[in-house]
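**Q** Give me the fold of what follows.
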Amino acid sequence: MGTEISEPLILDKESIDDGAGIESELVPEWKDQITIRGLVVSALLGTLFCIITHKLNLTVGIIPSLNVGAGLLGFFFVKSWTGFLTKLGFQVSPFTKQENTVIQTCVVACYGLAFSGGFGSYMIAMDERTYKLIGADYPGNRAEDIKNPGLGWMTGFLFVVSFLGLFSLTPLRKVMVLDYKLTYPSGTATAMLINSFHTHSGAELAGKQVKCLGKYLSISFIWSCFKWFFSGIGDSCGFDNFPSFGLMLFRNTFYFDFSPTYVGCGLICPHIVNCSVLLGAIISWGFLWPFISAHAGDWYPSGLESNNFKGLYGYKVFIAIALILGDGLYNLIKIIYISAKEVCNKSTKQSKLPIVNEVIDNESSKVLAEQRKRDDIFLKDRIPTWFAASGYVALAAISTATIPIIFPSLKWYLVLVSYIIAPALAFCNSYGTGLTDWNLSSTYGKIGLFIIASLVGSDGGVMAGLAACGVMMSIVSTAADLMQDFKTGYLTLSSAKSMFVSQLLGTAMGCVIAPLTFWMFWTAFEVGSPDGPYKAPYAVIFREMAILGIEGFSELPKHCLALCFGFFIGAVLVNLLRDVTPKEISQFIPIPMAMAVPFYIGAYFAVDMFVGTVILFIWERINQKEAEDYAGAVASGLICGDGIWTIPSAILSILRINPPICMYFGPSLSS
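**A** Now for the predicted structure:
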């Protein structure tokens, strides 16, 4: 699903033509690339993006890339600030692309913890609400395996696990970026965006994009505010329950709920992702669940509550798990195979990785000079290997001693073993991300969850597995993010040291901001309720995975295991088909991981995302260039506006101020 970008595309033809290439560009010292104003902007944007990530995590679990929005909003805020001060007569330092890169890195590191911190998955799977949702009488679901969210322990846990990934692969930055020349498509695309902002024509386009973003942010915020007035008390009121396609389809969750966030996700996510989500909704809610429901009383007892795992709810959860695991394990094996193959090819001088052409038209000498300058700047501010190694060992020691205090069932020797093998897994994930743009941190986390849960057993295995999942996810995710940032810094002439320090600062911000913003959701809304707006779908899935690792499949409803096995194999075969068919055909084959999400949640968000992708498709046909330039800004505006409204909405909820009107839709009464 990665973007195909190779090194030669990065070269700025305009700069070559006018004879003022990057070899003559002044590059600030690494300390000057990190500024107070940049850190303030990073904290503000990090807070906003954490709120957005939490909202998506607790509703649908699909997080689109927000890097473009981070880079664009960072450019807008600092440019506005410097312009304002200049008009007042103050002398301000110029805003450079290196500072822009540092801001983007900080923001991504900060909101990344809202995802890898498990606030919508493993961490919230430990709480009492999820325990009760699964059922006190469900085998393996023990009352002792509960740890409710708390600001103190969540912040402490993030601080002891989130920094190790930054030290695990730092010594390999030259190997990954310069020697293997890994593409890191998202990092490369972000660098190209930031580079374009800081040219004359790019700054002009960026200004227009900012205006576009601001316009749709305002529209989204006002619309979300307007919707609130009609949302009443309970979960059946308002535009969120508008039966767009009739009441029969509405009962099967097929309706458009007028969510700017999901429409914005549809504008950002690739067409195949959005179509895969809709296809999954059609298969599950259009055919599979009605078919299984028709066998109530035979396949499972009739009259069960909607969230009883011995009924239809069990099919929804476990078939979704089967699809997720089938897709995740296939791609994990694929990435490890590709990585091993490329490493072997490199060692035998037969690498087929994308490289910079040595001759590009008549400008080869200038191109090589630019390449040398990029290399020199990247290698200039070294991060000593002894520093990275000692930092990893020290943090691992602290974490090994601390985590068993937070989670007594996860013994210190299991944590230590995790940290011994983690650098190898982090390398696999970072290498795979560089090749394909797939970050499989959640897959590594699930593998850790199953292994540790089964090793610990029924006495504390659920909590130990969920905590181990968090340890593994944090390391492999932050390691891949850092290497991607090194690639972005390399292409924007930013110091590797400033990238490392900004990632550290952004991670520290995230350790504080991510729990605080989650706490706002937790105290204001009924997070985890299957009938509420914030269902936290992955909380149940992750806890069930841990129970599955201990108890096995004995308690599943009739034919559920067979269906799970079929969908697991189906996910593997679909992925295999995507890989063996030509690109002209494979681009139309759905992605099982995306198909799995609506199996559990419902079809409504799939409809919204499909509306977004249809808008983008038509826009691309009418004006391809305009769609490329502004689709990201429109999507970011829609998502950010809806995200900002979450803050006043949460405050109103905390103050127990309810919407004044309940707009309800029902069948007309016969006369």
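
**Q** use CA for all of it now, contacts and neighbours both
**A** Will do.

**Q** how close does residue 153 get to residue 614?
**A** For residue 153, the distance to residue 614 (CA to CA, to the nearest Å) stands at 44 Å.

**Q** Comparing those two, which residue is more hemmed in?
**A** Per other CA atoms under 10 Å, whichever of residue 153 and residue 614 has more neighbours is residue 614, with 18 against 15.

**Q** For residue 410, give me its contacts.
**A** 403-404, 463-465, 467-468 (CA atoms under 8 Å, 6 or more residues apart in numbering).

**Q** Secondary structure for those residues - can I get that in a markdown table?
**A** Below are the contacts of residue 410 laid out as a markdown table (DSSP: H, G, I helix; E, B strand; the rest coil):
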| residue | secondary structure |
| --- | --- |
| 403 | helix |
| 404 | helix |
| 463 | helix |
| 464 | helix |
| 465 | helix |
| 467 | helix |
| 468 | helix |
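
**Q** Show the contacting residues for the nearest residue to residue 45 once chain neighbours are set aside.
**A** Leaving aside its sequence neighbours, residue 45 sits nearest to residue 107 (CA to CA, 6 or more residues apart in numbering; 6.3 Å). The neighbours of residue 107, taking CA under 8 Å, 6+ apart as the test, are 42-43, 45-46, 49, 70, 506.

**Q** Next: residue 425.
**A** Residue 425 touches 444, 476, counting by CA under 8 Å, 6+ apart.

**Q** ok, now which ones touch residue 427?
**A** 169, 476, 479.

**Q** Can you give me the distance of it to residue 440?
**A** Counting by CA to CA, the gap from residue 427 to residue 440 is 12 Å.

**Q** Equivalent analysis for residue 459, please.
**A** 29 Å.

**Q** Same question for residue 342.
**A** In this view, residue 342 and residue 440 are 18 Å apart by CA to CA.

**Q** got a pLDDT number for the residue nearest to residue 45?
**A** Looking at residue 107, its pLDDT stands at 94.

**Q** Same check on the one 4 residues further on?
**A** Turning to residue 111, the model gives it a pLDDT of 93.

**Q** do you know how far it is from residue 515?
**A** On the measure of CA to CA, residue 111 and residue 515 end up 11 Å apart.

**Q** next one: residue 243
**A** Taking CA to CA, one finds residue 243 at 36 Å from residue 515.

**Q** same thing with residue 466?
**A** Counting by CA to CA, the gap from residue 466 to residue 515 is 18 Å.

**Q** can you check residue 145 too?
**A** From residue 145 over to residue 515 (counting by CA to CA), the distance is 21 Å.

**Q** Give me the more crowded residue out of those two.
**A** Taking other CA under 10 Å, residue 145 and residue 515 do not tie; residue 515 has more neighbours (25 against 20).

**Q** my read: the more buried one touches residue 156, true?
**A** No. Judged on CA atoms under 8 Å, residue 515 makes no contact with residue 156 at a distance of 10.0 Å.

**Q** can you pull out the helices in the stretch 201-350 of the chain?
**A** 247-251, 260-268, 271-281, 289-293, 312-347 (DSSP state H, counting those that start in this stretch).

**Q** pull the helix or strand with minimum mean pLDDT from this structure.
**A** Least confident helix or strand, the chain: helix 13-17 with a mean of 41, by mean pLDDT, DSSP states H and E.

**Q** I'd like the next helix or strand past that one.
**A** Next helix or strand after helix 13-17 toward the C-terminus (DSSP states H and E): helix 30-33.

**Q** now whatever helix or strand comes next after that following helix and helix 260-268, what's the angle there?
**A** Scanning forward in sequence from helix 30-33 by DSSP H and E, the next helix or strand is helix 36-59. Interaxial angle of helix 36-59 relative to helix 260-268 (axes from the mean of the first three to the mean of the last three CA atoms, to 10 degrees): 100 degrees.

**Q** Buried residues in the helix or strand just after helix 36-59, which are they?
**A** Moving toward the C-terminus from helix 36-59, the next helix or strand (DSSP H and E) is helix 67-87. By neighbour count with 16 or more other CA atoms under 10 Å, helix 67-87 contains the buried residues 67-78, 82.

**Q** and if you look at stretch 144-153?
**A** 145-147, 149.

**Q** follow-up on the earlier one: what's the lowest-pLDDT member of the contacts of residue 107?
**A** Minimum confidence in the contacts of residue 107 sits at residue 70, scoring 85.
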